[in-house]
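A.B. asks: Mind looking at a prediction? Sequence and model below.
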Amino acid sequence: MRREHFVRTILFAFALALACSAHTSAQTRGATISGHVTDPQGAALRGASVTLYARERTQLRLSTTTDSQGAYSFERLAPGAYLVEAEASGFARSAAREVTLTRSASATLDVQLEVAGVSTEVVVTAADSPQTVDEVSKALTVVGRREMEDRDEATVADALRTVPGLRVQQLGGPGALASIKTRGLRSQDTSVLIDGQRFRDPTAPQGDASGFLSDFTVTDAGRVEVLRGSGSSLYGTNAVGGVVNVVTEEGGGPFRGQLFAEGGSLGFMRGRAQVAGSAGEAERVVYSAAASHLNVTRGVDGDDATRNTSAQGRLLLRLSPTATLTARLYASDTFVQLNEEPQAVGNIPASGIVVARPVARSELRRYESGTPLNQLNIGGATFLPAANDADNSRAGRFFSGALTFAQRPSENFGYSITYHGLVTRNSFRDGPAVPGDPADSPFEPQGPVRNNFDGSIHTLDARTDFRLGRHNSVTAGYEFERESYLNRSFDVTPAGDSTVEVSERSQAFFAQDQMRFLEDRLQLSAGFRAQTFRLSAPRFTPTAGAPYAGINFASPPNAYTGDGSVAYLFRSRGTKLRAHVGNGYREPSLFERFGTFFSSFFGFGALGDPRLAPERSIAFDAGVDQTLASNRVRLSATYFYTRLQEVVGFGDTPNDPFGRFGGFINTGGGLARGVELSAAFAPTRSLDLFASYTFTNSDQRRPQIENILRSLVIPDQQFTLVATERFGRRAAVNFDLVASSNYLAPIFDNRTFRTRAYRFDGMRRADLTASYTLPLSESRSIRFFGKVENLFNQEYYENGFRTPGVNGRAGAALNF
């Protein structure tokens with residue numbers, strides 16, 4: 001009944017909004033922005049991409065391409081402020097220009113592109129509304145479509161490796177578990193968004209997106225924006241250390257498309273079909289859609305197959321000059337063969353940090369073929385890398401869909417209603433030792449087992465924005481969210497089967513005020529968010545001895561967050577000073593609240609605590625951005641500080657009302673501080689350089705392993721370099737490098753049943769990509785490309801999982 005009431009509420013809200021738009025649709029013809037795009041000599045540029053952003057409506061993004069005369073036009077626009085930017089192959093992207101329209105008026109904006117300059121673009125993640133680079137008062141990095149194409153990135157995680165302050169880790173080859181850690185914090189402290197809507201797995205132990213990050217292939221992504229620093233007042237839970245926002249391609253303009261195929265080492269094959277364009281008078285319908293398929297038949301150890309089929313798209317209906325209806329979807333279906341966990345071997349010290357030295361590859365093969373561990377030639381090795389497990393696999397699916405109605409009845413007032421539905425499913429299978437499995441592995445079950453995790457999150461968001469004079473833009477809104485978690489475990493015998501089903505509802509109120517003074521040189525922003533939670537009683541099968549029975553589930557503590565930022569631009573000097581402070585939160589996951597384990601001998605055992613308070617943090621960063629040499633050089637320096645005041649950990653639970661001896665508890669967190677330095681150069685019209693250095697000092701208030709306070713998996717230092725050389729408008733070569741210092745990672749020792757801290761060497765990965773575009777006609781071309789990953793063939797391990805050595809692939813893309 002509650003679900004039906006929720007659906008009826010959504011349908012009524014959209015019906016009412018559409019009725020309002022129909023009433024006003026005939027009252028105005030709309031305004032127009034048009035102009036020409038030219039090169040530095042004034043010659044018209046055909047095929048240049050021009051993008052328009054509505055200042056007060058994040059959902060309204062329109063894109064078109066110039067005709068043979070370099071002309072473009074956006075029609076049927078509502079009154080208000082807009083940002084316009086243009087780009088073309090072989091030229092630097094233009095700085096965004098603001099245009100303000102009055103009712104039924106027209107404006108002309110001509111754009112001249114320069115042959116060299118540091119790329120700038122409009123961003124939406126820093127304030128949940130479009131901003132120019134000069135207006136952003138927070139640390140933010142954009143990885144654009146062209147950069148992902150130049151580097152031939154297959155996944156979003158790979159595309160983010162070179163972003164300052166990020167530690168991107170993948171435990172093996174393609175399809176293996178990936179994680180993103182921001183500024184020395186945990187994986188669950190980074191919020192993942194798709195077009196501004198939260199993506200997280202409600203069945204994950206920490207309720208974050210890490211279980212699906214490796215499934216985010218580059219399908220129809222226009223760009224990825226990365227906000228570093230607290231974002232909870234805007235984006236809610238998990239945005240403690242930062243936000244990753246995958247923005248779908250806008251579409252618009254004449255019909256166009258691409259057919260893409262590549263293949264190479266590891267049994268790697270990938271294909272993609274993509275279309276975009278518009279239809280109807282004055283582009284009433286704007287669309288972009290793509291489907292991709294990734295198939296890896298061998299992987300790192302020859303038996304790490306993975307398959308991924310994804311679809312992503314966006315459809316915008318311009319109901320009237322003042323009203324739009326936007327639909328967006330992203331779906332994925334994945335299969336991955338998994339390996340066993342690494343384990344400690346050899347003569348290692350009884351305490352302290354262990355230097356990571358892997359068992360020789362030949363000995364690992366013997367172990368995988370059935371040789372017992374005690375018969376291997378261990379030598380001086382200290383750990384056994386993740387061994388192949390022939391019948392261990394994961395099948396994952398997700399569907400994320402959003403529908404937004406937005407209307408702006410007047411220049412100073414607008415509102416939007418958004419429904420977002422997210423469905424996730426993971427199925428893990430494993431079985432007893434079979435040919436191809438280690439003979440004495442401690443991780444093999446006695447028979448076939450399966451664990452299914454099904455989750456869903458339904459969100460209704462209603463917000464309004466209005467301008468208070470020229471200087472203030474205010475956004476306020478309400479959000480309702482319902483999430484559910486279902487775990488079905490199938491053991492070796494039916495007596496061991498169990499089911500757990502739990503759900504939670506929450507409501508949030510939020511507001512933000514953006515202020516601009518002194519001819520827009522001074523930018524101020526303040527935000528606030530309050531969220532309440534309501535739990536439902538969990539359901540267990542079998543019911544006998546089920547935990548949490550007969551307990552009154554009082555509402556858990558509320559979450560309150562605030563955020564403030566300031567930036568001042570010395571326009572004549574090209575200098576911007578900025579500072580950002582905010583507190584973040586993460587709501588405890590459903591597993592942390594109601595997590596259990598089940599045994600046919602002992603029944604259910606409780607791990608979770610429904611009384612858990614949200615995690616709390618406070619973060620501050622300050623920095624300076626400097627532009628030099630007529631926008632050919634941009635330097636940035638940022639100091640950051642984040643304290644996790646209270647987190648959810650695992651520990652002893654004496655005198656526990658749920659009968660637990662140990663489980664999830666609220667405890668002290670950690671502290672991360674450091675420096676991010678970056679520089680972007682355009683020394684010539686054909687060469688773009690980007691380099692960054694990040695120093696991170698991250699510690700825990702309580703040891704995670706033994707007496708070690710240093711945070712795990714976080715290197716103290718990381719350096720990145722991206723260099724792109726273009727040879728005319730047809731050929732390009734890209735080189736990118738990620739190098740980091742050593743780091744600590746946990747490895748389990750099944751001989752002593754202890755987890756030990758191992759020191760692993762840092763990553764030294766370099767990739768080289770080259771491409772050549774062959775024109776076929778005015779509107780068609782074919783692009784040939786090739787890529788070599790891990791160019792210097794460095795052998796390195798992520799938490800004991802071996803990563804690919806030098807490997808290559810090549811392909812072609814037909815553009816039409």
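C.D. replies: Perfect, thanks for sending it. Everything numeric here is computed off the predicted structure, so don't read it as measured data. Numbering: from 1, shown residues only.

A.B. asks: switch to C-alpha atoms for all contacts and neighbour counts from now on
C.D. replies: Noted.

A.B. asks: residues in contact with R660?
C.D. replies: G605, A606, L607, T653, P654 (CA atoms under 8 Å, 6 or more residues apart in numbering).

A.B. asks: out of these, which are inside strands?
C.D. replies: G605, A606 (DSSP state E).

A.B. asks: Export the contacts of R660 to a markdown table and append columns for distance to A157, neighbour count and pLDDT.
C.D. replies: As requested, these are exported to a markdown table (distance: CA to CA, whole Å; neighbours: other CA atoms under 10 Å; pLDDT from 0 to 100):
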| residue | distance to A157 | neighbour count | pLDDT |
| --- | --- | --- | --- |
| G605 | 36 | 19 | 86 |
| A606 | 35 | 21 | 88 |
| L607 | 32 | 24 | 92 |
| T653 | 37 | 16 | 90 |
| P654 | 41 | 10 | 88 |
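
A.B. asks: The contacts of R660 into TSV, with extra columns for distance to R186?
C.D. replies: Output for those, formatted as TSV (distance: CA to CA, whole Å):
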residue	distance to R186
G605	27
A606	25
L607	21
T653	24
P654	27
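
A.B. asks: Tell me the helix or strand right after the lowest-mean-pLDDT helix or strand in the chain.
C.D. replies: For the chain, counting by mean pLDDT, DSSP states H and E, helix 2-24 ranks last in confidence among helices and strands (a mean of 55). Later in the chain than helix 2-24, the nearest helix or strand by DSSP states H and E is strand 31-38.

A.B. asks: can you list contacts of that next one?
C.D. replies: 44-45, 48, 66, 69-79, 86, 101-113, 321.

A.B. asks: What residues sit buried inside it?
C.D. replies: Applying a neighbour-count criterion of 16 or more other CA atoms under 10 Å, one finds A31, T32, I33, G35, H36, V37, T38 buried in strand 31-38.

A.B. asks: Stretch 35-53 now?
C.D. replies: Buried residues in stretch 35-53 (16+ other CA under 10 Å): 35-39, 44-53.

A.B. asks: now do stretch 726-743
C.D. replies: 726, 731-743.

A.B. asks: try stretch 753-764
C.D. replies: T755, R756, A757, Y758, R759, F760, D761, G762, M763, R764.

A.B. asks: Export that stretch to CSV, keeping only CA atoms.
C.D. replies: Output of stretch 753-764 as CSV, limited to C-alpha atoms (Å, rounded to 0.1, in the frame of the first residue of the first chain):
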residue,chain,number,x,y,z
PHE,A,753,43.8,-16.0,11.9
ARG,A,754,45.2,-12.4,12.0
THR,A,755,45.1,-9.7,9.4
ARG,A,756,48.6,-8.2,8.8
ALA,A,757,49.7,-4.9,7.3
TYR,A,758,51.8,-5.3,4.2
ARG,A,759,53.8,-2.5,2.5
PHE,A,760,53.4,-2.6,-1.3
ASP,A,761,55.3,-0.7,-3.9
GLY,A,762,53.4,2.1,-5.5
MET,A,763,52.0,2.3,-9.0
ARG,A,764,54.2,3.3,-12.0
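
A.B. asks: all helices of this protein, in order?
C.D. replies: 2-24, 145-150, 156-159, 232-235, 361-368, 590-594 (DSSP state H).

A.B. asks: Grab the nearest non-local neighbour of P202.
C.D. replies: Of all residues not flanking P202 in the chain, G455 sits nearest, at 5.5 Å (CA to CA, 6 or more residues apart in numbering).

A.B. asks: how much space is there between the one you found and A508?
C.D. replies: Look at G455 and A508: by CA to CA, to the nearest Å, they are 21 Å apart.

A.B. asks: quick one, which of those two is more surrounded?
C.D. replies: G455 (23 against 19; other CA atoms under 10 Å).
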